[in-house]
Structure formats: C-alpha cells, structure tokens
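> Structure of the sequence below:
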Amino acid sequence: MGNPPSERVNVSAPFSNTGVDFVGLFLIKYKGQRKGTLHKVYVAIFVCMSTKAMHIEMVTDLTSKAFISTLKRFFARRDKCSTLFSDNATNFIGAQAQLKKLHNLINYPDDNLSNFLASDAIKWKFIPLVSPNFRGLWEAGVKSFKHHFRRAIGNANLTYEEFNTVIVKIEGILNSRPITEISSDINDLEALTPGHFLIGRPINTVAEPELINVSDNRLSRWQRVEKLTQHIWKRWSSDYLNHFQQRQKWQFVKNNVKPGMMVILKEDYLPKCKWALGRIIDVIPGKDGYVRVVNVRTANGTLKRPISKVCLLPVKTDN
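Next comes the predicted model:
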C-alpha cells in the first residue's frame with residue numbers, strides 16, 4: 001500500500017487543503033407555507049484533509065453563482081483554502097436533470113467560477129476517473145451526514161431556517177467526535193477532536209431536554225427540530241463507537257487492553273456532543289487470560305464496565 005498524499009500528513013492550517021462534495025437533493029418549504037410546491041436545496045460538505053474537520057453549507061441551486069456564494073461563506077468562516085479536491089462527478093452522468101447541472105459546473109466551469117478561483121489563487125484538483133479510493137476521506141464525511149440525516153428527517157418538510165439549523169447542528173456533532181488521546185498522561189481525560197483545531201477546545205452545545213420518546217403532537221416546531229437532531233446524534237454516535245469495536249477474523253492475537261489506555265464508554269442518553277471519556281486503571285481478566293471487565297476512571301468517578309461497553313481510542317504504538 002502506498003503512502004498517504006502529502007496533504008493528509010503534512011502540517012497545515014485547518015481547511016488549507018479541502019475535499020468538497022455535494023449531497024442532495026432535499027425539499028424544503030417557506031415559513032408559514034402549508035401547501036404548494038416545495039423548493040429544492042443541496043448540501044455542500046467540505047472536509048479538511050489534515051484534521052478531518054467538517055464544514056457544511058446549504059446550496060440553493062446548482063449554478064456557478066450559488067457555488068461561488070457558498071465558497072465565500074466557507075472562506076469567511078474557515079479562512080481561504082489553497083487547494084480544493086473533488087471527483088469528476090461522473091456518478092452524476094445519467095442521473096436526473098438537476099444533478100447534471102452539477103456535473104457541468106465542475107467539469108466545465110464558466111468564466112465566473114474560473115475567474116473567482118484564479119483571482120484568489122485557489123487550485124482545484126480532480127481525482128482520476130473511476131478511482132473512488134482517492135476520495136475516501138470526504139466520502140466518509142458525506143456518508144456520516146447523509147446516512148442518518150435521511151433516515152431521521154424522513155418525509156418532514158422543514159423550512160429554510162429549520163433545515164439550516166439541523167445541518168449546522170450535525171456539523172457540530174461530527175466535529176465533536178474523539179479521534180485519539182491528547183497525551184499519555186494517566187490524569188489527562190481529554191481526547192483530541194476536530195474542534196480542537198477549529199476553536200482550540202472540544203465543541204459543546206446547550207443541554208436540551210430528552211425529546212426522542214415524546215409524541216410529535218405535544219411538541220412545537222422547534223422542539224421537533226431538536227428531536228430530529230437528537231435522533232441523528234443517537235444513531236450516528238452509536239455507529240461511530242461501533243467503528244472502534246469491529247471484529248475481524250482472528251488471524252493473529254492482538255494486544256490485550258492495558259491500564260492507562262484511553263477509552264470511550266458506551267453510555268445511553270448522553271446529550272449531543274458529550275462523550276463519556278476515561279482511563280483504564282485496572283483490568284479483570286477471565287480464565288483464558290483475556291480481559292472481560294475493566295475499571296475506568298472518569299471525571300465523575302471510577303466505573304466498572306464490561307469490555308463490550310468500552311471503546312479503545314487509537315493510539316500510537318511502537319510496533
């Protein structure tokens with residue numbers, strides 16, 4: 001296997017090298033609208049190549065002017081990037097007519113878009129044709145957004161403001177995910193997140209009442225929006241934690257868990273962007289010598305948990 005591209009491993013400012021992709025289409029309505037034609041919108045997802053931080057923007061149509069406005073909003077909030085990466089949009093060929101506009105926009109940019117990129121010295125690089133492995137980083141970000149968003153939203157017709165609120169909350173959720181430990185200090189219970197690269201600390205949100213099990217008939221419009229966000233948080237955080245517990249075919253014996261390792265506890269009913277982090281302080285092996293139960297020190301005290309409820313964060317090894 002070859003080495004990762006230089007944009008993935010070299011030190012650079014957040015979003016200096018960015019992969020971009022589009023998701024959609026979605027349908028929204030105007031505020032106060034009960035009937036009538038719904039309006040099409042799309043979502044642009046920007047993924048930092050070095051920090052894996054994500055930025056999500058809503059796009060009203062697939063024209064060069066709308067995309068330039070999206071880039072301007074992105075640059076105003078995250079600073080101007082030096083290189084944009086995207087695929088060749090060949091997956092849009094043969095799709096519905098609206099998505100063919102995106103194919104033409106990316107492959108044959110008009111003067112407005114070309115002049116905008118040239119004036120700011122922004123390079124737009126395309127990955128080779130029929131090579132999805134080249135866009136794996138930002139495709140993973142697209143999947144994280146799209147998979148649970150569509151399932152949580154369903155047939156709900158959100159307004160422009162509600163839709164934009166939901167996708168920005170999802171951005172905060174994705175940028176709160178723990179990546180690895182910050183240090184090997186046993187007393188350090190903080191994990192590195194994309195939020196550290198953006199604001200210098202983990203991203204937190206305002207605590208909201210649990211609404212998942214409340215009937216929609218008893219909720220206001222904005223409470224329903226919060227309920228949708230909580231559904232997405234519950235589904236995505238569970239999938240993210242399962243990612244750390246994938247079991248492959250045992251071709252070799254892996255190292256057992258050890259005291260001092262940083263973990264995420266699988267706890268129910270945690271608020272959005274809140275992760276139960278801790279350090280293993282003691283292990284309780286079974287008769288076969290493999291650890292079955294661990295004692296974990298958290299900010300709220302020491303907890304005893306089975307290994308199935310503990311997710312090890314990736315750490316650098318000497319092997």
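> secondary structure class for the spatially closest residue to residue 152 that is not a sequence neighbour?
Closest residue to residue 152 apart from its sequence neighbours, by CB to CB, 6 or more residues apart in numbering: residue 231 at 4.2 Å. Glycine gets a C-beta too; all of them are placed from N, C-alpha and C. Secondary structure state of residue 231, per DSSP: H, G, I helix; E, B strand; the rest coil, is helix.
> Now do the same for residue 231: its pLDDT.
If you check residue 231, the pLDDT there is 88.
> Then residue 308?
85.
> That one and residue 241, how far apart?
Residue 308 is 11 Å from residue 241, where distance means CB to CB, to the nearest Å.
> the more surrounded of these two?
Set side by side, residue 308 and residue 241 show more neighbours around residue 241, with 20 against 10, by other CB atoms under 10 Å.
> In which helix or strand does residue 67 reside?
helix 64-78 (DSSP states H and E).
> I meant to write residue 164 there.
Residue 164 belongs to helix 160-174, assigned by DSSP H and E.
> other SSEs contacting that helix?
Here helix 160-174 touches strand 17-28, strand 39-48, strand 54-59, helix 136-153, helix 221-243, going by 3 or more CB pairs under 8 Å, 6 or more residues apart in numbering; DSSP states H and E.
> just so I know, which of those lies nearest residue 177?
Nearest of the helices and strands packed on helix 160-174 to residue 177, taken as CB to CB: helix 221-243 at 5.9 Å.
> From the rest of the structure, what touches the closest one?
If you take CB atoms under 8 Å, 6 or more residues apart in numbering as the criterion, helix 221-243 is touched by 144, 148-149, 151-153, 156, 158, 162, 165-166, 169-170, 173-174, 177, 208, 210-212, 214, 216, 219, 264, 266, 270, 272-273, 275, 311.
> List the residues that contact residue 258.
280, 283.
> picking that back up, the helix holding residue 164: which residues count as buried?
162, 163, 164, 165, 166, 167, 169, 170, 171, 172, 173, 174 (16 or more other CB atoms under 10 Å).
> Stretch 31-42 too?
Judged by neighbour count (16+ other CB under 10 Å), stretch 31-42 contains these buried residues: 39, 41, 42.
> Including distance to residue 53, could these go into CSV?
Putting these into CSV (distance: CB to CB, whole Å) gives the following:
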residue, distance to residue 53
39, 29
41, 23
42, 21
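> Got the domain ranges for the chain?
6-202+216-235, 257-312 (the TED database).
> can you tell which of the ones you listed is closest to residue 245?
domain 257-312 (5.8 Å).
> I'd like the helices and strands packed on helix 160-174 laid out as TSV, including distance to residue 203.
As requested, the helices and strands packed on helix 160-174 are arranged in TSV below (distance: least, CB to CB, whole Å):
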stretch	distance to residue 203
strand 17-28	19
strand 39-48	14
strand 54-59	11
helix 136-153	15
helix 221-243	13
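> least reliable of these going by mean pLDDT?
Averaged per stretch, pLDDT over the helices and strands packed on helix 160-174 is lowest on helix 136-153, reaching a mean of 79.
> Now do that helix: which elements does it pack against?
Checked by 3+ CB pairs under 8 Å, 6+ apart, helix 136-153 has strand 17-28, strand 39-48, strand 54-59, helix 160-174, helix 221-243 packed alongside it.
> buried residues in the longest one?
Along helix 221-243, these residues count as buried under the neighbour rule (16+ other CB under 10 Å): 224-234, 236-237, 240-241.
> From the contact counts, what lies against the next helix or strand after it?
Beyond helix 221-243 on the C-terminal side, the first helix or strand identified by DSSP H and E is strand 262-265. Judged by 3+ CB pairs under 8 Å, 6+ apart, strand 262-265 is in contact with strand 276-285, strand 291-298, strand 310-312.
> Highest mean neighbour count out of these?
With neighbours taken as mean count of other CB atoms under 10 Å, the helices and strands packed on strand 262-265 reach their highest mean count in strand 310-312, at a mean of 20.
> Starting from that one, tell me which strands it pairs with and how they run.
strand 262-265 (antiparallel) (DSSP bridges).
> could you give the mean pLDDT of the strand it pairs with?
91.
> one step back: mind putting the domains of the chain into TSV with distance to residue 245?
Compiled in TSV, those are given as follows (distance: least, CB to CB, whole Å):
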stretch	distance to residue 245
domain 6-202+216-235	14
domain 257-312	6
